[in-house]
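[1] coordinates for the following, if possible.
(2 chains)
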Amino acid sequence: MAAGSRPTIINARGTPWQQHWREITQRPELLRALLRRDFKVRYAQTRLGTLWALLQPLLTLGVLYVVFSEVLRVNTDPLPYPLFALSGIVVWNYFNYVVSQSASALIHAQNVIRKIYFPRVMLGLSKALVGSIDFIIGTALLLAWGLASGQVQGQGLLLIPLVWAATGLAGLGLGLGISALSIRYRDLQQILPFLLQLLFFLSPVAYGMDFFLRFVGKEQLALFYLNPVSGLIELWRSLLFGQGIPAWWWLSPLAGLLLLFLALAYFHRTEKKLADLI
Amino acid sequence: MSYPIEIKNLSKYYQWREKGGTRHFTALEGIDLKIPEGEVMGFIGGNGAGKSTLLKILARITPPSGGEVKLHGTASALLEVGTGFHPELSGRENVFLNGAILGMQRREIRQRFDQIVAFAGVEPFLEVPVKRYSSGMFVRLAFSVAAHLRSPILLIDEVLAVGDVEFQQRCLERMREATREEGRTVVFVSHQLHHVRELCQRVGHLEAGRLQKLGEAHEIVDHYLEKYTQKARQVRLDQRQDRRGNGQGHFIALDLEGKKKEALPGPPRTGQPALLKAQVLTQQEGTIDLQLNLIHPSGHFLTTLNSRLTGQTFTRAAGRHAFTCEIPQLPLMPGTYHLRAHLFLDGQAADIVEHALEFTVEEGDYYHNGQYFRKNLQGLFIPQNWQSL
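    You can find the predicted model right below:
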């Protein structure tokens, strides 16, 4: 920092969010270093390394295929079931990774938090970006498969980054909110896996949204779009495979953004006292 | 003169709920201070005096409850060596990661990379994950990254106490360079009074969260030592509250007496046998190691009476135990010394008491020939034998 630039003020109010924002943007080094760490550590000492980013969605697909296509006979016409499910899995896995990783980011970093200052949001942000690598690899696999089988329509592909960003932000919102809440209530860390499992069955990953019509009327279906992933998966499929865009889909990203803002506000409030509480 | 650190009426209170109401604790109160550019400012005080809290507030790890600090310039905090190191990453990767966490630019780290590695002496192991490093290698590399920081404001807590004695000396040397020659502003907090004395120009003495005294380093450290000594004299060892350790056991009594053959014990005397007596109370069964560090009046470490070094570890049940340590010929020059007492149970530090026993050594005849040194210096006599060739 050059002499004469504005001084850092430390008082009871904590660091204002504008200053946090400046610190995040002025220190790309830190984000890059955290990213590098999270990426390297993710597949450290595995034999297959990054290949797991390809194998994991395929293994999930295998399970879903047997259960939902072979046993429960879920109908996904006109799309073949594997392609249908894989497209859902790619978005879901990304969301799932971001939520679960950023939710434990603060607790895992407690030693650093007690000793060094930096905007703590970066811990979660780095996890979200590392998850993107899996998303990109999964999407490549999906596109290759879809193009080879002639199912992919070209025009929507440019909007892929939009789905990526919306999913990442929604995941980050949920994850950061839980990470800040679990400073006081560690129990959340125990509940989180079940919560995510529940959310998985409430999302159109292994089946379409019409599946829920078996249990509720058409009018109540909108409620299912309050789940931040549902509408995004639907939008994603319609972009890739050129199906019509479902009504209500926009409720999901809206819910996701609202979640993100609430989570960031709470996170910011907790952040200043973090070292005393953790 | 410019002041990179301005502290105004700073306070920090903790409160927490307990059975029967809310408890309050004042960690800091009414601290007013300006630290001029290029100064190395030290803080001393007992446990809970507020040193670490002050440093944590300056480092922005915890917010104050009231008052304000203005920092002009980037501040880097070294509150612990090796924070942010990841065991799975290699030494090289950790240098970059840790550097970035401490606030260095990638370009800066690259420029100083060779220096950092050379200082730590880990060149052959750069590509090895640090989880395979010895603890010595680990702290050397960690200190080295921190020591090459270039922020205009540096906040340091006890990080010097790493590595073996030789490396500690190099760390101290490096710190002196970093603080004196490059004109940066440093806040330094330590239990090691001689480090504070050596490194700092001004020292603040904190007690119960308040700044008791502020002044030139030697003056404040001397004053502190004197006050501390008086306090230690007044309170019995088993009543002392200012102890560290896991509390699984503690010292009840310590004594050092002179021993003459078939005579009553008297004060310890140079060159005569002396007997150290220690009583401890333990809460669990396990191995007991006693380590009593002998401290020079200036606060420097002199030598150690150490049952682990002599290979005499004792395994005892929970309860009260007495130990003695015989010193066949007391090598101390006349003067007043004290002991820093450490009790280890199963290798874990159970009790650490600063200034656990103060004793005065009377003049005696070390070389059994009627010659006396008489320089009013405190130090050690050692066996020696002169010859003309």
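[2] for stretch B:380-389, C-alpha coordinates in PDB please.
    These are the backbone C-alpha positions of stretch B:380-389, laid out as PDB (Å, rounded to 0.1, in the frame of the first residue of the first chain):
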ATOM      1  CA  LEU B 380      29.200 -20.700  35.900                       C
ATOM      2  CA  PHE B 381      32.500 -22.100  37.100                       C
ATOM      3  CA  ILE B 382      33.600 -25.200  35.100                       C
ATOM      4  CA  PRO B 383      36.300 -27.700  36.000                       C
ATOM      5  CA  GLN B 384      39.600 -26.700  34.300                       C
ATOM      6  CA  ASN B 385      43.100 -27.700  34.200                       C
ATOM      7  CA  TRP B 386      46.100 -25.600  33.000                       C
ATOM      8  CA  GLN B 387      49.400 -26.800  31.700                       C
ATOM      9  CA  SER B 388      52.500 -25.300  30.300                       C
ATOM     10  CA  LEU B 389      53.800 -26.900  27.200                       C
END
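[3] and that stretch, which residues are buried?
    B:F381 (16 or more other C-beta atoms under 10 Å in any protein chain shown). (Each C-beta comes from the backbone N, C-alpha and C, glycine too.)
[4] kindly report the same for stretch A:93-112.
    A:93-106, A:109, A:112.
[5] and for stretch B:238-251?
    For stretch B:238-251, by 16+ other C-beta under 10 Å, it's B:240, B:242-243, B:245, B:248-251.
[6] mind checking which of those are in strands?
    Secondary structure assignment by DSSP state E places B:243, B:249-251 of the buried residues of stretch B:238-251 in strands.
[7] tell me the least confident of those?
    Among those, B:R243 carries the weakest pLDDT, at 85.
[8] that one pairs with what?
    B:V353 (DSSP bridges).
[9] by contact count, what packs against the lowest-mean-pLDDT helix or strand in chain B?
    Least confident element among the helices and strands of chain B, by mean pLDDT, DSSP states H and E: helix B:165-176 (a mean of 75). Packing partners of helix B:165-176 (3 or more C-beta pairs under 8 Å, 6 or more residues apart in numbering or on different chains; DSSP states H and E): helix B:135-147, helix B:193-199.
[10] as CSV, the ones you listed with mean pLDDT and distance to chain A would be great.
    Shown next, in CSV, are the helices and strands packed on helix B:165-176 (pLDDT from 0 to 100; distance: least, C-beta to the nearest C-beta, whole Å):
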stretch, mean pLDDT, distance to chain A
helix B:135-147, 86, 11
helix B:193-199, 81, 20
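[11] quick one, which of those is packed in tightest?
    Across those, averaging neighbours per residue (mean count of other C-beta atoms under 10 Å in any protein chain shown) puts helix B:135-147 on top, at a mean of 22.
[12] parallel or antiparallel, which strands does whichever helix or strand comes after that helix pair with?
    Next in sequence after helix B:135-147, counting helices and strands by DSSP states H and E, comes strand B:153-157. Paired neighbours of strand B:153-157 in the sheet (DSSP bridges): strand B:75-78 (parallel), strand B:185-189 (parallel).
[13] lowest-confidence stretch among these?
    Minimum mean pLDDT among these: strand B:75-78, a mean of 85.
[14] ok, residues contacting it?
    For strand B:75-78, contacts defined as C-beta atoms under 8 Å, 6 or more residues apart in numbering or on different chains pick out A:8, A:115-117, B:55, B:58-61, B:102-103, B:146, B:149, B:151-157, B:159.
[15] enumerate the positions of it that are buried.
    For strand B:75-78, using 16+ other C-beta under 10 Å, the buried residues are B:75-78.
[16] now distance to B:R132 too, for the residues you listed, in TSV please.
    Shown next, in TSV, are these (distance: C-beta to C-beta, whole Å):
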residue	distance to B:R132
B:A75	33
B:S76	28
B:A77	28
B:L78	25
